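Enquirer: Next come a sequence and a model predicted from it.
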Amino acid sequence: MEDNFCKKEIIDSFGNIILNKSNVIDRKILANIVFSNGYLLKKLNFIAFKYIKKKLNL
């Protein structure tokens, strides 16, 4: 369930353009977006690590 919250936050931040036809995050598209913009990479890392820390109870 928590993974869905992470996915939703990533989609909310980067838009539906990162989804493939099956509504799964297309990592290649997302990578092209974030690796061309340092701010967006930091934003993605912030979102991801927030959920990783929570999952690891840090």
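Expert: Looks like it came in fine.

Enquirer: Can you point out the helix or strand that includes Val53?
Expert: Rather than Val, residue 53 is Lys. helix 38-55 (DSSP states H and E).

Enquirer: For that helix, what is the distance to the chain centroid?
Expert: Taking Cα atoms, centre = their mean, to the nearest Å, one finds helix 38-55 lying 8 Å from the centre of the chain it belongs to.

Enquirer: Mind giving me the packing neighbours of that helix?
Expert: helix 2-14, helix 27-34 (3 or more Cβ pairs under 8 Å, 6 or more residues apart in numbering; DSSP states H and E). Bear in mind the C-beta positions are built from the backbone N, C-alpha and C, glycine included.

Enquirer: Output that helix as PDB, restricted to C-alpha atoms.
Expert: Output in PDB follows, covering the C-alpha atoms of helix 38-55 (Å, rounded to 0.1, in the frame of the first residue of the first chain):
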ATOM      1  CA  GLY A  38      19.800  18.400 -11.100                       C
ATOM      2  CA  TYR A  39      16.800  19.900  -9.300                       C
ATOM      3  CA  LEU A  40      14.500  17.200 -10.500                       C
ATOM      4  CA  LEU A  41      16.900  14.500  -9.500                       C
ATOM      5  CA  LYS A  42      17.100  15.800  -6.000                       C
ATOM      6  CA  LYS A  43      13.300  16.000  -6.000                       C
ATOM      7  CA  LEU A  44      13.000  12.300  -7.000                       C
ATOM      8  CA  ASN A  45      15.700  11.300  -4.400                       C
ATOM      9  CA  PHE A  46      13.800  13.200  -1.700                       C
ATOM     10  CA  ILE A  47      10.600  11.400  -2.500                       C
ATOM     11  CA  ALA A  48      12.200   7.900  -2.800                       C
ATOM     12  CA  PHE A  49      14.300   8.200   0.300                       C
ATOM     13  CA  LYS A  50      11.400   9.400   2.400                       C
ATOM     14  CA  TYR A  51       9.700   6.100   1.700                       C
ATOM     15  CA  ILE A  52      12.800   4.000   1.900                       C
ATOM     16  CA  LYS A  53      13.600   5.400   5.400                       C
ATOM     17  CA  LYS A  54      10.100   4.800   6.500                       C
ATOM     18  CA  LYS A  55      10.200   1.200   5.300                       C
END
